[in-house]
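Peer 1: Sequence and computational prediction follow.
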Amino acid sequence: MSVIEIEMGPARESHECDCCGTVIESTHGYIYRDNDAYAVYEASWCEGHAEAQVNARIEIGGDWGDETSRPNHAFFGVLIFRTSTHNGFSMLEPEESQWISPDSEKDFLTREAALAHPLKSEIFHIAEHVAKEEGRIKAFLDAHPIAS
Ligand SMILES: [Zn+2]
């Protein structure tokens, strides 16, 4: 069984939320599988929203050598949330993602394509590690469970 590890990236500046005027926090980092670079995550959440929902993007692909061209990379939009009993995960449409960007647009999967993708369960597995082990995300989820 492969070992998934997370390395948090440097802290980022927060910015104001368009919808409620409080603070949007974001974080990013790297996923290693058996010590090899495997995936990258980006995630953001609004501190002012009552319910814990983290809007994440997981980028996965074969070759991480060249920052500018990443052939065969795929981008998944994943919503991470916390109920009173568990972490939940669902795939997002690209237009629901906070992390659509010019470099990801072409390879950002629709929800339907993500759910049919051979790496779907691997993406959910990575998201579980992020929810449990990414300190900033875990702290937010812990503090804002969704009533269920
Ligand atoms: Zn807000």
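Peer 2: On my side now, so go ahead.

Peer 1: Quick check: bridge partners of the residue nearest the centre of the chain?
Peer 2: Nearest residue to the geometric centre of the chain (C-alpha atoms, centre = their mean): residue 56, 2.7 Å. Beta-bridge pairing for residue 56 (DSSP bridges): residue 43, residue 78.

Peer 1: Who are the packing partners of the longest helix along the chain?
Peer 2: In the chain, taking DSSP state H as the definition, the longest helix is helix 120-133. Here helix 120-133 touches strand 4-8, strand 23-33, strand 36-46, strand 53-60, strand 74-82, strand 87-92, helix 135-143, going by 3 or more C-beta pairs under 8 Å, 6 or more residues apart in numbering; DSSP states H and E. Every residue, glycine included, has its C-beta placed from N, CA and C.

Peer 1: can we see that at 7 Å?
Peer 2: Counting contacts by 3 or more C-beta pairs under 7 Å, 6 or more residues apart in numbering; DSSP states H and E, helix 120-133 packs against strand 4-8, strand 53-60, strand 74-82, strand 87-92, helix 135-143.

Peer 1: which one of the ones you listed lies closest to residue 114?
Peer 2: strand 87-92 (4.2 Å; C-beta to C-beta).

Peer 1: After the closest one, which helix or strand is next?
Peer 2: Counting by DSSP states H and E, the next helix or strand C-terminal to strand 87-92 is helix 111-116.

Peer 1: Check the offset of that following helix from the chain's centre.
Peer 2: Distance, stretch centre to chain centre, for helix 111-116: 16 Å (C-alpha atoms, centre = their mean, to the nearest Å).

Peer 1: Please spell out which residues along that helix are buried.
Peer 2: Across helix 111-116, burial judged by 16 or more other C-beta atoms under 10 Å covers residue 114.

Peer 1: pull the CA atoms of that helix into CSV?
Peer 2: Presented in CSV, the C-alpha positions along helix 111-116 are these (Å, rounded to 0.1, in the frame of the first residue of the first chain):
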residue,chain,number,x,y,z
ARG,A,111,-17.9,16.7,-12.4
GLU,A,112,-19.1,13.9,-14.7
ALA,A,113,-15.6,13.3,-16.1
ALA,A,114,-14.1,13.4,-12.7
LEU,A,115,-16.5,10.8,-11.4
ALA,A,116,-15.7,8.5,-14.3
